[in-house]
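> Using only what follows, build the 3D model:
(one chain, ligands or ions: 2)
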Amino acid sequence: MVNFSLEGKVALVTGAAYGIGLAIAKALAGAGAKIAFNCKNPSTLERGIQAYKEAGIDAKAYLCDVTNEDDVKKMVADIEATIGSVDILVNNAGIIKRIPMHEMAVDEFRQVIDIDLIGPFICSKAVIPAMINKGGGKIINICSMMSELGRETVSAYAAAKGGLKMLTRNIASEYGEYNIQCNGIGPGYIATEQTAPLRERQPDGSRHPFDSFIIAKTPAARWGTPEDLEGPALFLASSASDFVNGHILYVDGGILGYIGKQPK
Ligand code: NAP
Ligand code: GCO
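Ligands and ions are numbered 1, 2, ... in the order given. Down below sits the predicted model:
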């Protein structure tokens, strides 16, 4: 019998006050997991606490920057001391900076790498020892279309998400023998605050050119929603995926397999 239950499990979803992280956390809670989440801005934390309360989820909330190893260690230790050691880690926290590479400052490039790649390294390193002691665990890294494809102005983000794909495979390789499965989810273009600038209506009320471009590049002919990621996340967080390791599950409406609709 395939088991999608997360009863008795503890899940940490990073950057999950809103957006994709919140949707994934809700899905894991719906399957019985206890939830902890973090973000880096106090205002976001309050927003997240309210969102979980409205969803009837008793989530533990942490103000924690995923690039700060000491803070991450303290957060993981507090989770273990209060609700149990982390069984499921979703490395969701991330930023993007859309700047032509030749105009991008090194510090801007470094900030994206720090949060989107080094953050998942820090958080994974913090939870793996207890997962080994416990006999296993699940790590899910939120990758991207840019784990496979490039595009103008997102050099740092693509480098980070490409690296996150390989970090996923390396964690899977190094810790598979301890019954730790590490996989990735590669969302397509999802309607969240992060992509809002790409969907802004034009002054004449028409679609943003990039919005139209994505619709033409997506067989599903729509942007994804955070809710589209709930089922894939639950699959990779549950024992239903115990023999899936080092895999990037693309949830993209078919973008990666499609040449794109011919312009009319
Ligand atoms: P979002 O709406 O911008 O939310 C990002 C979240 O990450 C926020 O809660 C933010 O918290 C948190 N965060 C950022 N930097 C952090 C840090 N240093 N420490 C802790 N938390 C931090 O993004 P989203 O669209 O939901 O995307 C979530 C993840 O999916 C990201 O990794 C993104 O790259 C990836 N993704 C998104 C799409 C898409 O189309 N939307 C597609 C593929 C992949 P604060 O508000 O406190 O900064
Ligand atoms: C962009 C978008 C994308 C999405 C996502 C696609 O500017 O191209 O923000 O990068 O966020 O990563 O999978």
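> how near is the nearest residue to Thr225 once chain neighbours are set aside to ligand 2?
Setting aside the residues directly before and after it, Thr225 is nearest to Ala191 in space (CB to CB, 6 or more residues apart in numbering), at 5.9 Å. Every residue, glycine included, has its C-beta placed from N, CA and C. Distance from Ala191 to ligand 2, counting by CB to the nearest ligand atom, to the nearest Å: 11 Å.
> Also Ile140?
Distance check for Ile140 against ligand 2: by CB to the nearest ligand atom, it reads 15 Å.
> Spit out the contact partners of that residue.
Shown in contact with Ile140 (CB atoms under 8 Å, 6 or more residues apart in numbering): 88-91, 182-185, 233, 236-237.
> between those, which is closest to Asp211?
Nearest to Asp211 among those, counting by CB to CB, is Ile185 at 22.7 Å.
> ok, the helix or strand hosting the closest one near ligand 1 or not?
Using DSSP states H and E, the element containing Ile185 is strand 180-187. Yes. Using CB under 6 Å from any ligand atom, we find that strand 180-187 touches ligand 1 at Pro187.
> Which secondary structure elements does that strand sit against?
In terms of contact count using 3 or more CB pairs under 8 Å, 6 or more residues apart in numbering; DSSP states H and E, strand 180-187 is assigned the packing partners helix 119-134, strand 137-142, helix 155-175, helix 230-237, strand 248-251.
> Report the strands that pair with that strand, each with its relative direction.
strand 137-142 (parallel), strand 248-251 (parallel) (DSSP bridges).
> Now the last one: buried residues?
To tie it back to what came earlier, the one meant is strand 248-251. By neighbour count, with 16 or more other CB atoms under 10 Å as the criterion, the buried positions of strand 248-251 are 248-251.
> quick one: Asp58 is in a strand?
No. Counting by DSSP: H, G, I helix; E, B strand; the rest coil, Asp58 is not found in a strand; it is coil.
> how many other residues sit next to it?
Neighbourhood size, Asp58 [other CB atoms under 10 Å]: 10.
> And Ile83, by the same measure?
Applying other CB under 10 Å, we find 17 residues neighbouring Ile83.
> before we move on, what about Gly137?
Counted with other CB under 10 Å, residues neighbouring Gly137 total 25.
> Next one: the nearest residue to it once chain neighbours are set aside from ligand 2, what distance?
Take Gly137 and drop its neighbours on the chain: the residue closest to it by CB to CB, 6+ apart is Met131, 3.1 Å away. Met131 sits 27 Å away from ligand 2, going by CB to the nearest ligand atom.
> buried residues in the helix or strand just after the strand holding Ile185?
Heading C-terminal from strand 180-187, the first helix or strand you meet, by DSSP H and E, is helix 209-217. Of the residues in helix 209-217, those with enough neighbours to count as buried (16+ other CB under 10 Å) are 211, 214-215, 217.
> filter those residues down to the ones near ligand 2?
Subset of those in contact with ligand 2: empty, counting by CB under 6 Å from any ligand atom.
> Let me have these in a markdown table, extended by pLDDT.
Formatted as a markdown table, the buried residues of helix 209-217 follow (pLDDT from 0 to 100):
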| residue | pLDDT |
| --- | --- |
| Asp211 | 97 |
| Ile214 | 97 |
| Ile215 | 96 |
| Lys217 | 96 |
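> Which one of these is nearest to ligand 1?
Using CB to the nearest ligand atom, Ile214 is the member of the buried residues of helix 209-217 that lies nearest ligand 1, at 9.3 Å.
> Appreciated, that's everything.
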